[in-house]
Each structure stands twice: as C-alpha cells, then as structure tokens.
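Q: Okay, predicted coordinates and the sequence, questions at the end:
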Amino acid sequence: MALLAAARRSSRHARRGMATVPAWDKLGFDFTETRSMIKYNWKDGAWDAGTLTTDQNVTIHGLSNVLHYGQGIFEGLKAFHCKDGQVRVFNSGANAARLASGCRRLAMPEVSPEMFDEGLDRLLADNMDFVPPYGSGGSMYIRPFLFGHGAKLGLGPAPEYALCMIASPVGAYYKGGLTAIDGVVVEGYDRAAPAGVGNIKAAGNYAPDVLPSSQQKALGFPICLYLDAKENAYVEEFSTSNFLGVTKDGTLVTPYSPSILPSCTKRVIMQLARDMGIKVEERPVPYSEVAELAEVAACGTAVVLTPIKSLTRTGEKLTFDGFPTISRLYEAVTAIQVGEAPDEHGYTRAVGLRPHEAC
C-alpha cells in the first residue's frame, strides 16, 4: 500500500512539473532530486528565518571565504519511515552538537539545536513523500552544510554565512546483508595534523584524501585507513569513517585521538554495545595491536557499519575471518532507526507529518 501511495504521489508531482518520487527498489547511495532545500542566511549578527526553495543551487560571490580559505563545514544524517507510520530523524542532536563545535573552531556563527531541528522539520515536511517507505530498506539522507560567503579579500571572518540543508532518498547501502571489504593503510599522506581540525567535519579535511583514495581504489582497495601524523604508529580513522575493532575476548575497541572526527554513529554503537554487556574501550590503538583483533569495521552515517575482511600495509596483509559482533551491533542500530526496537536512549525524533498527510 505504501508503494502504491508513493506511485500516485509521483504521478501528481509529475503533472505539476515537480521532481518525481523514484522507484524505491532502484535507489542506490546517489543523489536523487527532491522538491526543495532550505537555506538560512546570517548577516549583521543574526540568522534570518530561513527559506524553502526549489532551486538547489547556491550562488555566491567569487571572493567568498569558503572558496579561498576553506571556511565550510557539513553534516550527514538520516530520516526513516518507521514501522508505526511516523517519520523519524535519527540522532540529530549529536549532529547539531558536532556542527556547533565546528562553528566554534572555524569562527563561524553557531546554529542552535532548535534552529537545526527546525530546519530538518521544514525540509522533511516539504519533501515527506520522498522519504522511502518502511520495508523498502531506504532512508532520507540529509546533508546540512554551513559556509562563509560574500566579498572578502583578506583572511578573516566572512561578511555573511549560509546554512543549507539538502535531502535525497537513498537505498540500502548493502543489498542482501553486510558485505566485508578489503582495506589498505595509507602511506605517504596524513589525514589530519595533531592540533589541526581533524576533530571537526571541515570540508577541507576531505579534499586531501581524494588522491590517495582514488589511487587505492584503482588497486582494488575500496577503503583507506590512516595512521596518526606524528608517529605513524597509531590507528586514527578510515577516509570517511571511524575505526572499530573487536578483540578476541569480545571487547569493543575504538581509537582515541584529539584529531579524530567524533562519529555520531560510533557513540550510538558504543552505547548499544554496553547495553548488550560488551566491554567498550576508547583509547589509543597501536597499529601493532590490529593483528590481534578478531573483527574490524568502519562506522558512519551512510552504512552504519562496514566489516573489513583484510588490511594491507606495505605488503603485510592482516585478515579477519568473520564479524558476528559487528553484525549484532548493526542489527541493533538499524532496528531502532526504523522503529522495530525500543529507543531507550531517545536517539530518534518524530518529525513533520504522517505519510498520509504529505502533499
């Protein structure tokens, strides 16, 4: 019934010249156009009321800070159609807090948690029929991003700032269950300086990884692991994900470093692991210890958890035979996301309208 209702809504929007609801079973993790994005602008010390716009392009001055000095940060989170018919955003409070941390570090005006949630609600209410239905395996991926703009020749705060949020329905990252992949340790490149901005989701953190990641993908490694920049001896994180390991005695281990991006997803996984009675350790992890791990995974918003079946470093290959603990944690998180398990820690928040009220 949900798929039939979505098809009818898609037909109505096509007649009105709007973006059309996609075929849910054809979705991958790629951008699909929705009806609108929301944009707030900061000028003269205050944010405006925000505007929903069908134009998902951004027009800025050529001397904008984000273009020349990299003054930009972003977030990524998801909304789900749940079993009870509600649409819920997952863990948005953690994303709002991380965005605020990035604003403080890059000297940009902060976005309050209330403004962040208001933007999400308005965006989702206007694009409710693009949220994949319960049971489809899909979700609505939301990308908030904040940047400095306006004419600014010298280094310093920008005259204006914009907060935009764009949404896109995405399919299940794994078709047919968790899939383990091969990883490689990056040599000759650092991800983040010890006292730099690796702990915030700054746009500039990702550009230096484009070359190493592209090189390694061409060699058959879909994911790259970075070690610390100071000693090149401690695990930091994967290109776009945090690192998790499971020891042979069942302890969940994750690296601690002030230059690691604090993953919103990892915090959820750590808490759920404790709920299951799994011991959790967040501490410096020497790469020499990785060989003794029973399971390794990358964690992040897009996939929740990606099992790693091997890690290669300058000819040495470490292999991991299975991922039973990682699989349990993955199932626990995804069950909460779609309302199939109790949300005892309040990670989800109902938003907007019920599906039958959209449009």
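A: Perfect, thanks for sending it.

Q: What's the mean pLDDT across stretch 100-120?
A: If you average the pLDDT over stretch 100-120, you get 98.

Q: Do a quick rundown of the helices in the stretch 201-350 of the chain.
A: 207-218, 264-275, 287-290, 324-337 (DSSP state H, counting those that start in this stretch).

Q: So for residue 133, which of these sits nearest?
A: helix 324-337 (14.1 Å; Cβ to Cβ). (Each C-beta comes from the backbone N, C-alpha and C, glycine too.)

Q: before we move on, back to that, I'd like the helices of the stretch 201-350 of the chain as TSV, with mean pLDDT appended.
A: As requested, those are exported to TSV (pLDDT from 0 to 100):
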stretch	mean pLDDT
helix 207-218	96
helix 264-275	98
helix 287-290	98
helix 324-337	97
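
Q: which of the residues in stretch 308-319 are buried?
A: Within stretch 308-319, the residues that count as buried by 16 or more other Cβ atoms under 10 Å are 308, 309, 311, 312, 313, 318.

Q: what pairs with the nearest residue to the first one once chain neighbours are set aside across the strands?
A: What that stands for is residue 308. Closest residue to residue 308 apart from its sequence neighbours, by Cβ to Cβ, 6 or more residues apart in numbering: residue 296 at 4.1 Å. Residue 296 has the following beta-bridge partners by DSSP bridges: residue 245.

Q: and residue 296, how many residues sit next to it?
A: 26 (other Cβ atoms under 10 Å).

Q: ok, now residue 85?
A: 13.

Q: Please apply the same query to residue 230.
A: With other Cβ under 10 Å as criterion, residue 230 counts 12.

Q: The one 10 residues further on now?
A: A count of neighbours around residue 240, defined by other Cβ under 10 Å, yields 18.

Q: For it, give me the pLDDT.
A: 92.

Q: for residue 197, same thing?
A: Residue 197 is given a pLDDT of 96.

Q: for it, phi and psi?
A: Backbone geometry at residue 197, expressed as degrees, to the nearest 10, gives phi -120, psi 30.

Q: any idea how far residue 261 is from it?
A: Distance of residue 197 to residue 261, computed by Cβ to Cβ, to the nearest Å: 10 Å.

Q: the more surrounded of these two?
A: Neighbours were counted for residue 197 and for residue 261 using other Cβ under 10 Å; residue 261 has more, 23 against 18.

Q: can you tell me which two in the buried residues of stretch 308-319 are farthest apart?
A: 309 and 313 (15.0 Å).

Q: Buried ones in stretch 280-299, by neighbour count?
A: Quick answer for stretch 280-299 (16+ other Cβ under 10 Å): 285, 287, 290, 293, 294, 295, 296, 297, 298, 299.

Q: Contacts only, for the third one.
A: Applying Cβ atoms under 8 Å, 6 or more residues apart in numbering to residue 290 gives the contacts 235, 245, 296, 311, 318.

Q: closest to residue 330 among those residues?
A: residue 296 (13.8 Å).

Q: quick one: the closest one and residue 244 touch, right?
A: Yes: counting by Cβ atoms under 8 Å, residue 244 is a contact partner of residue 296 at 7.2 Å.

Q: Where do the helices of the stretch 1-150 of the chain begin and end?
A: Secondary structure of the stretch 1-150 of the chain by DSSP H, counting those that start in this stretch: the helices cover 2-15, 65-68, 92-105, 113-126.

Q: starting at the chain centroid, how far to the second one?
A: Read that as helix 65-68. 23 Å (Cα atoms, centre = their mean, to the nearest Å).

Q: next one: stretch 43-56
A: With Cα atoms, centre = their mean, you get 23 Å for stretch 43-56.

Q: Restricting the selection to alpha carbons, write stretch 59-74 to PDB.
A: C-alpha atoms of stretch 59-74 as PDB (Å, rounded to 0.1, in the frame of the first residue of the first chain):
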ATOM      1  CA  THR A  59      25.100  31.500  -5.900                       C
ATOM      2  CA  ILE A  60      27.900  33.200  -4.000                       C
ATOM      3  CA  HIS A  61      30.500  35.900  -4.600                       C
ATOM      4  CA  GLY A  62      33.700  34.800  -6.200                       C
ATOM      5  CA  LEU A  63      35.700  36.100  -3.200                       C
ATOM      6  CA  SER A  64      33.700  34.000  -0.700                       C
ATOM      7  CA  ASN A  65      35.700  32.600   2.200                       C
ATOM      8  CA  VAL A  66      34.600  29.100   1.500                       C
ATOM      9  CA  LEU A  67      36.300  29.200  -1.900                       C
ATOM     10  CA  HIS A  68      39.600  30.700  -0.900                       C
ATOM     11  CA  TYR A  69      40.100  30.000   2.800                       C
ATOM     12  CA  GLY A  70      38.000  26.800   3.200                       C
ATOM     13  CA  GLN A  71      35.600  28.200   5.800                       C
ATOM     14  CA  GLY A  72      33.000  25.400   5.400                       C
ATOM     15  CA  ILE A  73      31.600  22.500   7.500                       C
ATOM     16  CA  PHE A  74      28.900  19.900   6.900                       C
END
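
Q: next one: that stretch to chain centre, how far?
A: 22 Å.

Q: Just the residues contacting that stretch, thanks.
A: Taking Cβ under 8 Å, 6+ apart as the rule, stretch 59-74 contacts 99, 102-103, 106-108, 143-153, 155, 157-158, 162, 200-204.
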